[in-house]
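>>> I'll drop the sequence and a predicted model, then ask my questions.
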Amino acid sequence: MSIENDFSLIKDYDNNYCLQVFNLLPVAFTKGKGCYLYDTEGKKYLDMIGGIAVNCLGYGNPKLTSAISKQAKDIIHACNYYYIPQKSELAYRLCRASFADKVFFCNSGAEANEAAIKLARGFFYYKDINKYEIITANMSFHGRTMGTIAATGQEKFSRPFEPNVPGFVHVPYNDIDAMIDAVNPHTAAIMLELIQGESGVHPADKQYIQEIRKLCNEKGILLIIDEVQTGVGRTGKMFCYQNYGVTPDIMTLAKGLGGGVPIGAMLCTNEVATGFRPGDHGTTFGGNPLACAAGNAVLTVFEEQNIIDNVREVSDELFEKLNTLRSKYNCIRSVRGMGLLIGIEFDDSITAQGMREQLMTMGFLVSAIGKSTIRLAPPLILTKAQAGSFVRALDKILKNVSGPKNVFSKIKDAFPSKKQVKDNVSKIGSAKIDKLDTLAATETKPAETPDGEDD
Ligand SMILES: Cc1ncc(COP(=O)(O)O)c(C=O)c1O
C-alpha cells in the first residue's frame, strides 16, 4: 500500500488524520537531489528555504546518507544508561569549534532552549543566589513548549495556552536602554537570537550585543544565545556569535546540525555546567547514535568541502544581486540578513504569500513571514548559478507588478483560501480513503524476513 505519488490521496489523508496545525501548501515532495526537490507530478523546484534552515547539505548528500544508513544497520538507539561513541565524538567536535566545554543533546530547538532555561536557573540555585528571571526580546521565537512560548516575545504563540510559565520579561530588540532598565536583582539570564528569523530576519546590531555582554559581566547575568536557526554555518561562520566578537555562556543549536535528522544541542561553559547535577535533566532519545552519526557526518562534510566558504561567497553574490534588484524596484523595501539567511521585505503592493506562491509556480521554494517578507534559508551548498536563477525569477515577477492587483490577484484562483480549504475538508467523504483500503487489501504481503538474518 502506498499513497506516495497520489497527491489527492496524500491531501485527503492529511486532512482527515493529521491534526490541522499547519497551513499547508498544495504540494508534496517525493524526492530531492542537491538543492532541488521533486513533487508527486515530477515538477522540479529549487529549494531556497531548505526545510526551514535544516537541510544544510541539501538532499541525498552521499557522506551523510551513507553515515545514516551505516549507523541504522549498526545501532539506531542505545539509551542514556550507556556511553555512546557517536555522542562523545560530536560533543568533542562541537566544543572544539566553539566557546563551549560541555554539550547536552536533545531532539529539537525548543528542547535545547528548555535545557538552557533550566540550566540558567539551576546555576544560581546551586549557588544559593535568588536569580531566576530571564529577559528575552519582543518578536523573538524560541519554540513551542510551555517554557519556550513564555520565553518567546510574541503573545500570539502563548495567548490560548495561558497561564504562562512565570519568570520571563520581554523588551524591545536592539534597544540597550530598555535592556538595562529591565535588569533587576532577580535577573538570571538574557536570552537572544542574533538574527530574529521567525519574525522577519532582523539581525541584532553588533554594538547592542557587545553592550549586552558587558552588562551581563557587570551584573553577573548569563548570556544565552539561541542559534537554533543561525548555527552550523548558516551565517558564514560556524556559529553566528562569531560574527559579533562576543561569546555566550550558553548556546542552543538544532536545525542544521543533523542535516535533516532531528537533533538539538545545548552548549555551555564548565562553570555554567554546574547548574545541572545528575538527574536534574535528561531525555530518552537525545544524543542517540543515529542523530549523532548524522551530526558527525555534517561536520565532516563542512570540513572536507569548505561549506562555510561557499556560504560566504554565494551570500556576497546573492546580496549584491538582490540589492541591485532593490535599486530597480521600489516595491522592495529591504534586503536583510547574513550568510544564507535572508529576508526580502516588500511594500504593500506585494504580499509575502502572493510572492511565495508566484515563486512556487515558477519552481522556487521560499517561506512567507508575516504580511510582507519572504525568507530564504537554502541549503548551504547552493551555487552562485542557482542563486542567480532565483534572482532572475524574482526579477521576472517584479517586472509584472505595477500595482496591488495584477499577478497577485491571480494567485487567489490558483491557491484555495483558508475558507475553501475548510469547506473542502468538511466535504471530503471516505471515497478516496476507501480506495486506499481496497488497495491495501488486494496487495500481497511481503515475505517475512527470518529471525537473525543480518541484511
Ligand atoms: C531561533 C529559534 N529557536 C527555537 C526554535 C524552535 O525549534 P524547534 O522547532 O526545532 O523546536 C526555532 C524554530 O524555528 C527557532 O528559529
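Looks like it arrived, so ask away.
>>> Please state the offset of stretch 37-49 from the chain centre?
19 Å (CA atoms, centre = their mean, to the nearest Å).
>>> Can you list the buried residues in it?
Residues of stretch 37-49 classed as buried under the neighbour-count rule (16 or more other CB atoms under 10 Å) are 37, 39-40, 45-49. Any C-beta I mention is one placed from the backbone N, CA and C, and that applies to glycine too.
>>> Check stretch 236-255 too.
So stretch 236-255, judged by 16+ other CB under 10 Å, has buried residues 236-244, 246-255.
>>> Please list which of those residues also come close to the ligand.
Ala254 (CB under 6 Å from any ligand atom).
>>> Name the residue of the stretch 1-150 of the chain that lies nearest to the ligand.
The stretch 1-150 of the chain approaches the ligand most closely through Gly109 (2.3 Å), counting by CB to the nearest ligand atom.
>>> was I right about that residue contacting Met251?
No. Here Gly109 lies out of contact with Met251, judged by CB atoms under 8 Å, at a distance of 11.9 Å.
>>> For the two, list the residues in contact with both.
Asp226 (CB atoms under 8 Å, 6 or more residues apart in numbering).
>>> So which bits of stretch 347-364 are buried?
Buried, per 16+ other CB under 10 Å, within stretch 347-364: 349-364.
>>> So which of the residues you listed are in strands?
Phe364 (DSSP state E).
>>> could the buried residues of stretch 37-49 go into CSV alongside pLDDT and distance to the ligand?
Listed next are the buried residues of stretch 37-49 as CSV, based on pLDDT from 0 to 100; distance: CB to the nearest ligand atom, whole Å:
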residue, pLDDT, distance to the ligand
Leu37, 98, 20
Asp39, 97, 24
Thr40, 96, 26
Tyr45, 98, 21
Leu46, 98, 22
Asp47, 98, 17
Met48, 98, 17
Ile49, 98, 12
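>>> Closest to Asp316 out of those residues?
Met48 (16.8 Å; CB to CB).
>>> How about the contacts made by that closest one?
359, 364-366, 376-378, 382, 390.
>>> Can you pull the phi/psi pair for it?
phi -90, psi 10 (degrees, to the nearest 10).
>>> ok, it to Lys219 distance?
Noted for Met48: a distance of 41 Å to Lys219, by CB to CB, to the nearest Å.
>>> What of Gly388?
Counting by CB to CB, the gap from Gly388 to Lys219 is 48 Å.
>>> How about Val232?
On the measure of CB to CB, Val232 and Lys219 end up 30 Å apart.
>>> Give the residue from the two that has the larger number of neighbours.
Val232 (31 against 14; other CB atoms under 10 Å).
>>> Contact partners for the more buried one?
By CB under 8 Å, 6+ apart, the residues touching Val232 are 56, 238-239, 253, 255-257, 298, 302.
>>> Pull up the gap between it and the ligand, please.
13 Å (CB to the nearest ligand atom, to the nearest Å).
>>> Make 16 the starting number, not 1.
Sure, I'll start numbering at 16, so the last one becomes Val247.
>>> Retrieve the pLDDT associated with that residue.
The per-residue pLDDT reported for Val247 equals 98.
>>> same question, Ala446
The model's pLDDT for Ala446 equals 41.
>>> so what secondary structure elements neighbour whichever helix in the chain runs longest?
Looking across the chain with DSSP state H, the single longest helix is helix 322-343. For helix 322-343, the packing partners by 3 or more CB pairs under 8 Å, 6 or more residues apart in numbering; DSSP states H and E come out as strand 347-353, strand 356-361, helix 399-414.
>>> what about the stretch 16-165 of the chain, any weak spots by pLDDT?
16 (pLDDT under 70).
>>> who in it is up against the ligand?
So far as CB under 6 Å from any ligand atom goes, the stretch 16-165 of the chain lies against the ligand at 123-125, 128, 156-158.
>>> Burial-wise, tell me which of the helices and strands packed on helix 322-343 comes out on top.
strand 356-361 (a mean of 23; mean count of other CB atoms under 10 Å).
>>> Give me the contacts around that strand.
Contacts for strand 356-361 (CB under 8 Å, 6+ apart): 68, 210, 212, 215-217, 244-245, 249-250, 330, 333-334, 337, 346-352, 367, 370, 384, 387-392, 409.
>>> and those residues, which are buried?
For these, buried by 16+ other CB under 10 Å: 68, 210, 212, 215-217, 244-245, 249-250, 330, 333-334, 337, 346-347, 349-352, 367, 370, 384, 387-392, 409.
>>> can you list the domains in this protein?
42-75+321-429, 77-319 (automatic domain parsing).
>>> Export those to CSV and append columns for distance to Tyr32.
Converted to CSV, the domains of the chain look like this (distance: least, CB to CB, whole Å):
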stretch, distance to Tyr32
domain 42-75+321-429, 15
domain 77-319, 21
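>>> pretty sure Arg159 contacts Ala125?
Yes. Between Arg159 and Ala125 there is a contact at 5.6 Å, judged by CB under 8 Å.
>>> which one of the two has more residues nearby?
Ala125 (24 against 15).
>>> What parts of the stretch 266-415 of the chain come near the ligand?
So the stretch 266-415 of the chain meets the ligand at Ala269 (CB under 6 Å from any ligand atom).
>>> mind checking pLDDT for the one residue in the stretch 266-415 of the chain that gets nearest to the ligand?
Ranking the residues of the stretch 266-415 of the chain by distance to the ligand (CB to the nearest ligand atom) places Ala269 first, at 4.6 Å. pLDDT recorded at Ala269 is 98.
>>> wait, what's in contact with it?
123-124, 127, 243, 246, 278-280.
>>> hmm, back to that, and the buried residues of stretch 362-379, which two are the farthest apart?
Ser364 and Gly378 (23.4 Å).
>>> on that earlier part again, what about the contacts of Ala269, which are in strands?
Mapping the contacts of Ala269 onto strands (DSSP E) picks out 279-280.
>>> Columns distance to Tyr96 and neighbour count on top of the contacts of Ala269, output as a markdown table?
Formatted as a markdown table, those follow (distance: CB to CB, whole Å; neighbours: other CB atoms under 10 Å):
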| residue | distance to Tyr96 | neighbour count |
| --- | --- | --- |
| Ser123 | 22 | 19 |
| Gly124 | 26 | 26 |
| Ala127 | 22 | 31 |
| Val243 | 28 | 28 |
| Gly246 | 29 | 31 |
| Ile278 | 20 | 29 |
| Gly279 | 21 | 28 |
| Ala280 | 20 | 31 |
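>>> Quick check: the farthest pair among the contacts of Ala269?
So, the contacts of Ala269 by CB to CB: farthest apart are Ser123 and Gly246, at 13.4 Å.
>>> Give me the below-cutoff pLDDT ranges for the stretch 266-415 of the chain.
For the stretch 266-415 of the chain (pLDDT under 70), the answer is none.
>>> count of residues packed around the nearest residue to Leu395 once chain neighbours are set aside?
Of all residues not flanking Leu395 in the chain, Cys71 sits nearest, at 4.6 Å (CB to CB, 6 or more residues apart in numbering). Other residues near Cys71 come to 30 when the count uses other CB under 10 Å.
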